[in-house]
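Asks: sequence and predicted model, in that order:
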Amino acid sequence: MTPRVAGGLLCAFALTAAACSTGSGVRAVEYRDAGSTTTAPRTSEPDDTPSLPPDRVLAVDGDTRIVTLDNGLTVYLRENDRPGGSVEMRLVVNAGSAMEAADQSGVAHFLEHMLFNGTDQFPGNDLIDVLRSFGMEFGADVNAYTSYDETVYELHVPVDDRDNIGTGLDVLAQWLSGATITEDAVRDERGVVLDEWRLRDQTLDGRRYADLLGLFLAGSGYDGRQPIGEEDAIRFMEADVLRRFYDTWYRPDNAAVAVVGAMDMDRVEDMIRERFEDLEPRADAGTRPDLTPGPFVVPHTLVTEDPDAAGTVAELTWPLATGGSGGVRALQERIELQAAFSVLANRLGDDLARGQADFTAADAGNNSFVRYLDAPSLWITADLADLDASVDALLAEFERIRQHGIDPLELERATAPLRAGVEAAYEGRHTRQDRQFAEEYVANFLNGQMIPSANELHRTLTRILDDLTPDTVAARLTERMDASAPFLYVNVEEGADGVPTEADLTGRLTGMRGLDLPARPPLEPVGDDLMDAPDPVAPVSSDQMADEPFSYLDAHRYVYANGATVVINPTSIIDGEVVIAAWSAGGQSQMAPEDAVFASYATQVAATSGLGTLDAVQVATVMEASTVELHPYIAPSEEGIWGGMNSTDLELALQQIHLWFTAPHFDAPALDALVTADRNFVDDPNADPDYAAWVALQRARYGSDPRFAVLPTGSQLDRLTTATVGRIFRDRFSNASDWVFSISGDVDLRDVEALVDRYLGTLEGDGTQEDYLPVEPPVPAGVVTRTVRAGTGDHASLTLQFEVPSDGSEYETALADLLTNVIDSRLTDHIREELGASYSPYAVVQVDHVVGRVLVYVSVTGDPDGMDELAAAVLADLADLALHGPTATEFDHAMAAMAQQYNYVDNGAIAWNLVRVTQEPEFLATVTGALAAVMAVTLDELAAFATRVLPTGQYIRVTQLPR
C-alpha cells in the first residue's frame, strides 16, 4: 500500500507504454500496453482509410462490457484467458488526498490502510486471512495505492474454487461500504503509516519530491495535500475524521468495479448486482475543489541544498494545466510532444556519448504528478562548476528547434521506439494479461483514457506516427514553449561553494530566447543492423531435451564446435515475446582479486559504447528502433547476458551478443560517466543510507577481501582506464567455450536455428571449461553487529543475514520460497500489524546452487529511537520460527501463495531453468514438477528447513541510523 502520483501524459502515448517515471526518481502510475485484446479478438485487420477525424473518441472495444448500476456504480467486465485460472479485480474510488478538507491531512491514504484492518463482514484480521487464502501477499506497496486524485484497491483471485469470485466481490463491496474504522485499529496503524512517512519524506528523494511538488502545485487545489500527509496529522489521527472522508467520497456514484479474467461475464455481472446494487451513499456528496494548477506563465527557478545530495541535479520542465486524456486529437498532440522531447534527449545523449558535453548524464523526464498537470522535462547531472554551461546547453536545444527545426532523421530516430512498441503490442494482442486490461479500465474511469480494440488502436497510432513531420513536431514544441514558461529545479550539496542564485539562473532562462544559434549538423543515415551476417556454422550435435514436451516446454539443444551450447524453446506464452538467458561459470571468482571491483564497470561501459564498425551514437540509433533490451553482467560466480525483445528483433539481439564477444568498444565518455556518478558515493559513502547499510553488511561478511568491495576507492577510480575495463570484459566474454545461450519465446524453431548458426556458432572458442572457484571467506563465527550512521532525516533500518551451506537437495528452492512467504507473513503480522513498528518488513530466502549456500536476508525499517526494541522483536520472531517452525495457518497461506506463483510460467524463468538443466540434467524433473514438489512439502519438512537456515547464534546484524 502506498501513496502514488499520477503518471504524465507523455508516458508513451499514455496508452501503449509499459511504465512511466519522472526524471527525479518519483514513482508514477504505470500505463501498460493497451494495444491488443486477448479473448475473442476481432478479425478485421488495419485498413488503408486515409485518416480519422482528429477529435474522435475511439469506440470502446466490443469485448469490454461497461455497465452502470442504478446507484451510479460503474462496472467493467471482460473475459480473458491470460494468465488463466484467475481474475483481476479492482475497486476504484475517484477521490484521493486532493479531496481532503483542511483538517484531513493524510486521511485518504490512512483510510486506505484502515480498509485492511476490518469490515463488517470481515472483522479484524479476517480480511487478511481471506487475501492470503487467495495466495496474495499483504504488506507494503501491494493491494492498494492512494494518489492525489484517486484510491485504487486490487485483488488477484484464483478461480480453482468457484466461490472465490464471490468472496472477492464481497471484499470489494465491503471496502466500498462496510469499513469499521475503530479507534483501537486507528491507534495501532499510526506507527505503520509513520514509518511509511519516514520512507517517503525523510530521504533525499523525498525531499526532492517535496521541492518539485511545491514548485508545480503551489497555489492550486493540490497544494499542501501530499498523499502521505503531515507527521503530526498521522501521529494524532482519529477515527471520526477518517469516517467523515469515507462516508463522503466512498459512494457508488464515485466508484467503479472492474473484473477481468477466467469467468462467465453474465454470471459475474449478476453477482456484482447482488452485492452492490442496494448500496447507497452514507452522506452528502463532497464538493470537488478547483484542482487546476498554474498558471505557468513566468519563468521560475528553485535552487535547494541538501546534506545528502551526491552531486548536482538540474531539471528543466515546461508545465501546463491539462483537461484529461481526451480523444484522438489530444493523443496526437501528446505523441508529437513526446517525439520532440525524445529528439531533445537524443541530442543531449549524443553529445555526452561523444565527449562533447559539460554535463555528466541527461535524459527526458516527466513531472506530471497529478491528473491535471502535463509537465515534460529534461534532466541533467553535472559538476557544480559546470552547472551554468550545462543549463545553457539544455536551453540552447529548445531554442535551436525553435530557430532551425528538426532534422528528418532525428524524427525518424525519435519515433522508431514508438513504432516498435506499437507493433509489439499489436503482435501480442491475443496474449494480453488480465492485469493490463484491469489497469486500462481504471484509467478509463478516472481519466477518460480511451479503451478501443487492438485493431482500432493500432490503426490510429500508426496513422498518427505516419502523419508526423519535422515541421509538425517542432511546431508542437514551440507551441508548448509559447503557452508555458520554463521551470528550472536545481538541487546541490548543502554548503557547496559557487551555487548560482535563483535570479542568475532565471536570467539564463529568459536570456536564451532569440539568441542566434547555429543549426546542428545533419545526421548521417544508419541502417537497421549492427553487422552483416556471418556464414553459418552448423552444430556438431543436437537433441530434444524433453521426450514429452509440455505446453510451455519444447526445448531443443545444440552444441557447436566452439564449445557453446544453445537451447531453443519455442512457446507462445506471450505472443511476440522472446527472452535470452546466457550463462558461463566463473565470474569474479576467475578474476584477479584487484580486478573484481571493476566488473560492473566493464559490462556497463561495453553496453553503452560502440560495437564493430559503429560508434556509440550509431549503435544507440539502431537499438532504439527495436525492442531489444539486453544486459551483460559479471557476478561473483558467473558471467552472463540477460534480456528480452520482440520476436522480430531476435536477429538484432543476436548481432549485439556476437559483437560483444568479437568487437566491443570501450569508450572514454561511457567510463567517465560511470566514474563521475560513483565518485559521489565514494567521496561521501554515508550520504545514502541504503548504500551505507549494504556496504556495512558486505564488510561484516567479507572483511577487506577486495573481491567483495561494493565500489572502488577514490585512488582506484583515479587509475581506472578504458584499457582496464576492456581487458576485464574480453577475459569474460571473448571465449564461448563453456557458454550456454537459452532462448525461450514465440519463435519458429527452424528460423532460430539458422540465426544461431550464424551468430553464436561462429563465435571464437578454444575448448576451455571454467568453473566457479570457491574464493569466498568462511562465514564469520557468532553474531556480528555493525552500526552505521548514514543519511539525514528520521529514518532507520535493520538488516539481518543468515548464511548456511546448501544441502544440495533437489527441492531446496521450493522450501526457500515457502519460508520466504512465512517470514514475510510473520513479520508483517507481528512487527507491522500488532506492534505498528514498521511499514515494510521484508525477507527473502535464496538458494545459491553454484556457491552451495542458502542465504536468509531480512530488512525492517523503523523509528531511529526504537531500533533496539525493533531488533529484539524481529529476532524473537525468527528464533521462535527456528525453534517451533511455522504455524499451521502460516504454512497453509504459504502453500496457497506458492500454488499461485508456481502455476504461473514465464519465458524468463523457463530460459534460466533450461540453462541449469544443461549443467544438471536431473533438474529437468524439478522444472516440470515444480508445483507438485511444492505441494508435497510437509509442515515438518519446512520446520526442519527453518531450523537449519536460521541459526540463532550465527548471523550478521546491521543497524542504520541517521547521521
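Replies: Thanks, I have the structure now.
Asks: could you break the protein into its assigned domains?
Replies: 541-666+728-759, 783-961 (automatic domain parsing).
Asks: start to end distance for the shortest one?
Replies: This means domain 541-666+728-759. 17 Å (C-alpha to C-alpha, to the nearest Å).
Asks: repeat for stretch 820-835
Replies: Stretch 820-835 has an end-to-end distance of 21 Å (C-alpha to C-alpha).
Asks: got a list of contacts for it?
Replies: Stretch 820-835 is contacted from outside by 125, 128, 132, 137-139, 188, 191-192, 837-845, 856, 858, 860, 870, 873-874, 877-878, 881, 886, 890-891, 893-894, 897-898, 942, 946, using C-beta atoms under 8 Å, 6 or more residues apart in numbering. Backbone N, C-alpha and C define where each C-beta goes, glycine included.
Asks: one step back: deepest in the core, which of the domains of the chain is it.
Replies: Among those, domain 541-666+728-759 has the highest mean neighbour count (mean count of other C-beta atoms under 10 Å), at a mean of 20.
Asks: now that one: mean pLDDT?
Replies: Taken as a whole, domain 541-666+728-759 carries a mean pLDDT of 97.
Asks: before we move on, what about stretch 928-939?
Replies: Taken as a whole, stretch 928-939 has an average pLDDT of 87.
Asks: got the CA coordinates for it in CSV?
Replies: Provided in CSV are the C-alpha atoms of stretch 928-939 (Å, rounded to 0.1, in the frame of the first residue of the first chain):
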residue,chain,number,x,y,z
THR,A,928,8.4,-29.9,-14.9
GLY,A,929,7.2,-31.0,-11.5
ALA,A,930,7.8,-27.8,-9.5
LEU,A,931,4.3,-27.3,-8.4
ALA,A,932,3.9,-30.9,-7.4
ALA,A,933,7.2,-30.6,-5.5
VAL,A,934,5.9,-27.6,-3.5
MET,A,935,2.6,-29.2,-2.8
ALA,A,936,4.4,-32.3,-1.5
VAL,A,937,6.3,-30.4,1.2
THR,A,938,5.1,-31.0,4.7
LEU,A,939,4.9,-28.7,7.7
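Asks: got the contact list for it?
Replies: Contact with stretch 928-939 is made by 546, 550, 553, 810-811, 814-815, 817-818, 885-886, 888, 891, 895, 898-899, 902-903, 926, as judged by C-beta under 8 Å, 6+ apart.
Asks: at 10 Å instead, please
Replies: Outside of stretch 928-939, the residues within contact range by C-beta atoms under 10 Å, 6 or more residues apart in numbering are 546, 548, 550, 552-553, 810-811, 813-815, 817-818, 885-888, 890-892, 894-895, 897-899, 901-903, 905, 909, 913, 925-927, 944-945.
Asks: where does the protein have low pLDDT?
Replies: 1-54, 139-142, 547-549 (pLDDT under 70).
Asks: in strands only, show me the contacts of stretch 928-939.
Replies: If you go by DSSP state E, the contacts of stretch 928-939 have nothing in strands.
Asks: name the nearest residue to residue 661, sequence neighbours excluded.
Replies: residue 763 (5.0 Å; C-beta to C-beta, 6 or more residues apart in numbering).
Asks: now do residue 724
Replies: Leaving aside its sequence neighbours, residue 724 sits nearest to residue 598 (C-beta to C-beta, 6+ apart; 6.3 Å).
Asks: surely that neighbour is within a helix?
Replies: Yes: Residue 598: assigned to a helix according to DSSP: H, G, I helix; E, B strand; the rest coil.
Asks: ok, it touching residue 722?
Replies: No: Residue 598 lies out of contact with residue 722 (C-beta atoms under 10 Å); the separation is 11.3 Å.
Asks: shared neighbours, the two?
Replies: Shared contacts of residue 598 and residue 722 (C-beta under 10 Å, 6+ apart): residue 605.
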